[in-house]
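1. what's the 3D shape of this:
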Amino acid sequence: MDKERFAGKVALITGGASGIGAATARRIADEGGTVAICDRNGSAAAELADELGGTAFQLDVTDLEQTVEVVSGLERVDVLVSAAGVDVCDTVPNTTPDEWRTILDVDLTGVYNSCRAVLPRFVAQGGGAIVTISSAIGTVGERNRSAYCAAKAGVENLTRAMALDHGPAGVRANCVAPGLIDTPLIRNGKVSGADDPGAMQAMVDRHHALGRIGQPSEVAAAIAFLASDDASFITGAILPVDAGWTAQ
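-> Numbering: from 1, shown residues only. Next up is the predicted model:
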């Protein structure tokens, strides 16, 4: 780990109080960066920010005006990690319109809102790095996850489009696509079978060539790489962090 890789840089992380977002905040702070942690859970964001020497904002990423206000209040921003997300597990007929709207609003429109808020800053300053979070099932699909699959597939192509649109201004946009990761979304049973250890292991065995669930820190390492100057010639990429799921 390079303790100076993010020295002098500020990373804005949505969904930053738990799971992959929190692990990313820790990783970037450990590598010398300053983190601005945004989350619906303002107290959890503040607690982590205090630990890491960063700042915290209570933020609903579905609210564009609030998101723009947070970004405008930062003196500097060099990196955006868009990690806020929710899930619902069901087929199209069994997914209610409210559930559909919630998934799309948070998982896709929330990414749009965050990127829309930072991109003018990145273009004006001649560069910046965006890292979005998709999923293995944003790439290949999965049973009983229709809304989530749709949202995450949207995130992947949104990321590619931003890379093409804003690359000439020095802005890079990349995406990580994790497999099953040990996060609150998993532990709280938000993924079908997650509350049944046998069913969860069966999912791991079916999808992960490495035979185990992933850790948030492993995804955070990939995000930190893409956000850093080590990835200066990489943009528009979807990086699988999925134990071989999408290799099948």
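2. quick one: average pLDDT of whichever strand or helix holds residue 151?
-> Element membership of residue 151, judged by DSSP states H and E, is helix 146-166. Across helix 146-166, the average pLDDT comes to 97.
3. okay, buried residues for it please.
-> Across helix 146-166, burial judged by 16 or more other CB atoms under 10 Å covers 146-156, 158-160, 162-163, 166. Backbone N, C-alpha and C define where each C-beta goes, glycine included.
4. where along the chain do the strands fall?
-> Using DSSP state E, the strands of the chain run over 10-14, 34-39, 55-58, 79-82, 128-133, 171-178, 238-241.
5. can I get those in a markdown table with mean neighbour count, mean pLDDT and distance to residue 113?
-> Listed next are the strands of the chain as a markdown table, based on neighbours: other CB atoms under 10 Å; pLDDT from 0 to 100; distance: least, CB to CB, whole Å:
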| stretch | mean neighbour count | mean pLDDT | distance to residue 113 |
| --- | --- | --- | --- |
| strand 10-14 | 27 | 99 | 9 |
| strand 34-39 | 28 | 98 | 11 |
| strand 55-58 | 20 | 98 | 14 |
| strand 79-82 | 29 | 99 | 9 |
| strand 128-133 | 26 | 99 | 12 |
| strand 171-178 | 26 | 99 | 15 |
| strand 238-241 | 19 | 98 | 21 |
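6. of those strands, which is nearest residue 141?
-> When these are compared for distance to residue 141 using CB to CB, the nearest one is strand 171-178, at 12.4 Å.
7. mind listing what the closest one pairs with, with the direction of each?
-> When sheet partners are counted by DSSP bridges, strand 171-178 sits next to strand 128-133 (parallel), strand 238-241 (parallel).
8. OK, contacts around the most centrally placed residue in the chain?
-> For the chain, residue 83 is the residue whose C-alpha lies nearest the centre (CA atoms, centre = their mean; 2.6 Å). Neighbouring residues of residue 83 by CB atoms under 8 Å, 6 or more residues apart in numbering: 13, 14, 15, 16, 19, 20, 21, 24, 133.
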